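# got a predicted structure here, sequence first:
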Amino acid sequence: MNGEHSDGQLSDTYLDNIIKQLEISDGSQATACVRSVFVRNDAGTFLKKLDERVKHYDNEIEKLCNFQYQSFVKAFHELLQVRKDTTSMKNELVKNNQMMQGAGQSLAKKTEALIKEYHRQSNIQQTIDVLSQAFPVFETYRKLQECMEEKKLYPALKLLEQLETKHLVLVKEHRWSELIQNNIAKFRNQIRNESHNELKNFLENVATYSDKIGKSAFAQAAVRLDIDRRYYTLEEDRKKEQPADGSADLALINMNITELIDFSPIYKSLHINLFLNCKEEFSKHYQREKQKQAPVIMDVPPKMHESFDAFKKYLQRVTGFFIVEDHVMNTTEGLIDQRFYYELCERATQQLLAVLRRAVLTSYNPELMLDMKIVVVLFCAAIKESGFPVTPLLDVLMELRESYQQLLLTQWNQRFKEILTKDNYTPMVIEDETKYQLLLRQFPLRIEATEKLPFPRSLPYSESVPKLFLEIKDFAAVCAKFAKGLNVSKTEIDDMIRKPTNLLLTKTLKMSLVELTAAESEAQLNFSQLVQICINTLHLENAMPYLEDYIVALVHGSTKQLGLRLQGASMLKDIRSLVEDCIRDKLNDKIDQCLDIASYDWMMQESSGVSSDYISTTIQFLENTFRAFTHLPTELSQTTCLSACKHISMSLTSILLSSDVKAISFGALEQMSLDLMQCEIFASKINFGNSDSETLLLCFQDLRQLLDLIMDRQWTDFIDNYGNPESPYARVNPHTALTVVEKLREGLKRPLLLKFNRPAMEKENIKLLENVANRLRGLINGLS
């Protein structure tokens, strides 16, 4: 029981909570509440409790209505009273509305009149405002027309800007503003065209003053490089000048480019086109005009290469043109750029290179070429300041240097030939000490062997030696002049002097000496002159160190510096070797001339007992000749004597073995032996330095052994010991001996000899010679 009661209480409490929840909710939970009631099977209880709650609220409503009823009745009576007042008010409002409608119609008429008057006043004010805006437009437009008529471009441009950006904006709705706007475009074109005309005038002005600007730049560069004023002034200007006080040069040096040319037109034109938004177009127009003007400036005047002043003026004009262009580039923004400037420079460089090369090729005067070099150096120094690339132009200077040196070589070739032709090739004679000291200043080579000789003093060399030495020094000095003003090192200067000097020695002087000593030379030098030339080359070679010191002093200002050796010494050795050959040839020719007069009687019975006349003449000639060898080097004297002795021996042998000689007698051989003995005596007497007479005697040994063998009839000894170097006849050739034996045998058969000789002896000799001939043939066959 207690359990059932407890469950009933819980169910009632739950249902009460459900009803409370439904009362306070907005109806969204009704479905869930009803579902929970049916789930619990409390629907009957729920409906009972729901009816009880409804009855409870009905009782509450009734109580509330009973409590407020008196107040409701009172309020209703008050509402009836208000209805009466409302009807009265409505009637009053209708009456008042009618009165307001009448007054409003009158007010509307007056208001409409007022509005019309306002519109009229507004139109008048608008007209006044428009006219006040138009008057500045018209006034500005009038001023603009006046400026255009007076060609005041910059003020006109200002007015144009004001008119376009300030005034016309306010009146753009008016049709007449379109006319002004159209005219503005015309004014713009007119201003742009006028700026182009001013540019044209400016460029013409530049062309006019380019010469003077370049001349000023040359003068400034000359001051920096310490170059004489004649290289930047023209000859006609120097003639017109009053006695030089330096004022003209000072004014030229201190001259500023802005003093000669007014750059304001170009600045103004650039500024105008900048306002017109035509800067790029103006820049292109300027560049086109410059490209047209550059060829005119670079054009070579007629006969420029024939006039040094025309050459200077041309380079000054080019310099001025590019200085102006550089100034414009640096003082304006965007008118020209580095690319255009360098392109202009590149085209100009090609033209200048052609001009300079032509000037180099057409110049045949070294002094003029030096002047041209200095002007080109000035040009490079002056135009380099404007950023012009001068490296290719400096390369042309190297070409000019080569042409200059070649021209000098040609001139010195003529000088050398003249000196060598006029020389008498006899030892130079100095009359007194004064002249000797003067000679030493010109040719500082001292010869100890002649220092103590009295005056007049004879020197071993001839007059051409000091003259040639002076000419070589002058050549080196003239070559050194080319380096003046060039920014080169001491090594390069030394190279500029030493290379052409070596060419002068190894080619020019060598060729002159070779031509002089040639067999077909017009001079046709004799033997003594050739000997003198040999002596001259020796002393000129000894003087080479003084030339080297002179070149070092030219470059470094002191002889203490070391320098490369000249090639003159080796060249002179070669020439001396050539002259020695000529001396030997001349000597041999003279010996041949003496021997040609030999007329041996090959069938003589016995010798004359003395040497032949032609041998005596030859020996006497050689003795006189060898006396001239005093100043020759010992080796040369020895080789010359040796050559002469060999030639005599070979000539005598050739005479003996000549095919023209068919028969020989023993008497003729005895005569040749006497002649050979005379030659041997001469050779034994010769003494040059440490020369050995035995060496000279060896030249005659071949012929001597042959003659001794035949005359002493030592055939057995010769044949048995043939090939033995210790044999007294080791130098005899079997073929040669056979030839002489056969000629002797033929001689014995001649009737003339038979007439004077005894037949028995003659037969014996013939038989002996035949036996010798057979043995020699056997020896020869055995050797083969």
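Alright, I've got the coordinates.

# for the rest of this, base every contact and every neighbour count on C-alpha atoms.
Will do.

# low-confidence stretches in the stretch 151-300 of the chain?
151-154, 157, 160-161, 163-173, 176-177, 181, 185, 236-249 (pLDDT under 70).

# just the helices in it please.
153-162, 175-225, 235-240, 247-253, 257-260, 264-275, 279-298 (DSSP state H, counting those that start in this stretch).

# show me what the second one is packed against.
This means helix 175-225. helix 153-162, helix 247-253, helix 257-260, helix 264-275, helix 279-298, helix 308-331, helix 366-384 (3 or more Cα pairs under 8 Å, 6 or more residues apart in numbering; DSSP states H and E).

# and the last one, what does it pack onto?
With contacts defined as 3+ Cα pairs under 8 Å, 6+ apart, the packing partners of helix 366-384 are helix 175-225, helix 308-331, helix 391-422, helix 464-482.

# can you redo these as TSV with mean neighbour count?
Putting these into TSV (neighbours: other Cα atoms under 10 Å) gives the following:
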stretch	mean neighbour count
helix 175-225	18
helix 308-331	21
helix 391-422	17
helix 464-482	19
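
# let me have those in JSON lines, extended by distance to Ser528.
Converted to JSON lines, the helices and strands packed on helix 366-384 look like this (distance: least, Cα to Cα, whole Å):
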{"stretch": "helix 175-225", "distance to Ser528": "55"}
{"stretch": "helix 308-331", "distance to Ser528": "50"}
{"stretch": "helix 391-422", "distance to Ser528": "15"}
{"stretch": "helix 464-482", "distance to Ser528": "15"}
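
# of those, which is nearest Asp660?
Proximity to Asp660, assessed across the helices and strands packed on helix 366-384 by Cα to Cα, is greatest for helix 391-422 (43.8 Å).

# next SSE after the closest one?
Where DSSP states H and E defines the elements, the next helix or strand beyond helix 391-422 is strand 429-430.

# the bottom helix or strand of this protein by mean pLDDT?
helix 751-756 (a mean of 48; mean pLDDT, DSSP states H and E).

# check which element follows that one along the chain.
By DSSP H and E, the next helix or strand past helix 751-756 is helix 759-783.

# elements contacting that following helix?
Of the remaining helices and strands, those touching helix 759-783 by 3+ Cα pairs under 8 Å, 6+ apart are helix 715-720, helix 734-748.

# looking at those helices, which is buried most?
Counting by mean count of other Cα atoms under 10 Å, helix 734-748 has the highest mean neighbour count of these, with a mean of 19.

# and the contacts of that one?
603, 656-657, 661-666, 706, 710, 753-754, 762, 765-766, 769-770, 772-773, 776-777, 779-780 (Cα atoms under 8 Å, 6 or more residues apart in numbering).

# from Lys590, how far out is Leu530?
Distance, Leu530 to Lys590, by Cα to Cα, to the nearest Å: 14 Å.

# give me the low-pLDDT residue ranges for the stretch 651-784 of the chain?
Those would be 687-693, 750-763, 784, if you go by pLDDT under 70 across the stretch 651-784 of the chain.

# now distance to Leu407 too, for the helices and strands packed on helix 175-225, in JSON lines please.
Converted to JSON lines, the helices and strands packed on helix 175-225 look like this (distance: least, Cα to Cα, whole Å):
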{"stretch": "helix 153-162", "distance to Leu407": "61"}
{"stretch": "helix 247-253", "distance to Leu407": "34"}
{"stretch": "helix 257-260", "distance to Leu407": "40"}
{"stretch": "helix 264-275", "distance to Leu407": "49"}
{"stretch": "helix 279-298", "distance to Leu407": "29"}
{"stretch": "helix 308-331", "distance to Leu407": "18"}
{"stretch": "helix 366-384", "distance to Leu407": "7"}
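
# contacts only, for Phe455.
Phe455 neighbours (Cα under 8 Å, 6+ apart): Ile430, Glu431, Asp432, Glu433.

# looking at those, which is nearest Glu515?
For the contacts of Phe455, the nearest to Glu515 is Ile430 (29.1 Å; Cα to Cα).

# tell me the confidence at the closest one?
pLDDT recorded at Ile430 is 87.

# how many neighbouring residues does it have?
Close neighbours of Ile430, defined as other Cα atoms under 10 Å, add up to 17.

# again, but for the one 10 residues further on
Residues lying near Leu440 (other Cα under 10 Å) number 13.

# any idea how far Leu470 is from it?
Taken as Cα to Cα, the span from Leu440 to Leu470 is 11 Å.

# how about Gln529?
Gln529 is 22 Å from Leu470, where distance means Cα to Cα.

# over to Leu707?
Note on Leu707: its distance to Leu470, by Cα to Cα, is 57 Å.

# same question, Ser264
62 Å.

# out of the helices and strands packed on helix 175-225, which gets nearest to Gln351?
Per Cα to Cα, nearest to Gln351 of the helices and strands packed on helix 175-225: helix 279-298, 7.1 Å.

# still on that earlier bit, more neighbours: which of Leu530 and Lys590?
A direct count of neighbours by other Cα under 10 Å for Leu530 and Lys590 places Leu530 higher, at 23 against 17.

# now do the helix or strand harbouring the more buried one against helix 391-422, angle only.
Following DSSP H and E, one finds Leu530 within helix 527-542. Per axes from the mean of the first three to the mean of the last three Cα atoms, to 10 degrees, the angle that helix 527-542 makes with helix 391-422 is 140 degrees.

# what about the longest helix anywhere in the chain, average pLDDT?
Identified as the longest helix of the chain according to DSSP state H is helix 43-149. Per-region confidence: helix 43-149 scores 80 on mean pLDDT.

# selecting buried members of the contacts of helix 734-748 in ChimeraX, what would you type?
Filtering these down to the buried ones (16 or more other Cα atoms under 10 Å) takes a single ChimeraX command:
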select :603,656,657,662,663,664,665,666,706,710,753,762,766,769,772,773,776,779
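
# ok, back up a step: list only buried entries from the contacts of Phe455.
By 16+ other Cα under 10 Å, the contacts of Phe455 give Ile430 as buried.

# could you measure from the residue nearest to Asn724 when sequence neighbours are not counted over to Glu770?
Excluding its sequence neighbours, the residue lying closest to Asn724 (Cα to Cα, 6 or more residues apart in numbering) is Ala730, at 6.5 Å. Distance, Ala730 to Glu770, using Cα to Cα: 22 Å.

# repeat for Ile619
In terms of Cα to Cα, Ile619 sits 37 Å off from Glu770.

# how about Leu706?
Counting by Cα to Cα, the gap from Leu706 to Glu770 is 18 Å.

# also Gln338?
Gln338 is 108 Å from Glu770, by Cα to Cα.

# repeat for Ser637
46 Å.

# could you do Asp549 as well?
75 Å.

# and Ser307, by the same measure?
Taken as Cα to Cα, the span from Ser307 to Glu770 is 93 Å.

# and what of Glu198?
From Glu198 to Glu770 the distance is 123 Å (Cα to Cα).

# and Met496, by the same measure?
Met496 sits 78 Å away from Glu770, going by Cα to Cα.

# same deal with Thr233?
On the measure of Cα to Cα, Thr233 and Glu770 end up 102 Å apart.

# check His539 too.
61 Å.

# repeat for Leu779
14 Å.

# Ser216 too?
For Ser216 relative to Glu770 (Cα to Cα), the value is 107 Å.

# same check, this time on Ser528
50 Å.

# same question, Gln101
In terms of Cα to Cα, Gln101 sits 194 Å off from Glu770.

# in the stretch 451-600 of the chain, where is pLDDT below threshold?
485, 487, 519-524, 557-569, 597-598.

# which parts of it are helices?
464-482, 490-503, 510-517, 527-542, 544-556, 568-596.

# any idea which helix or strand comes after the longest one?
Using DSSP H and E, the helix or strand that follows helix 568-596 in sequence is helix 613-627.

# name the helices or strands packed onto that following helix?
Taking 3+ Cα pairs under 8 Å, 6+ apart as the contact cut, helix 613-627 packs with helix 568-596, helix 666-685.

# which one of the ones you listed lies nearest to Ala156?
So among the helices and strands packed on helix 613-627, helix 568-596 is nearest, using Cα to Cα, at 80.9 Å.
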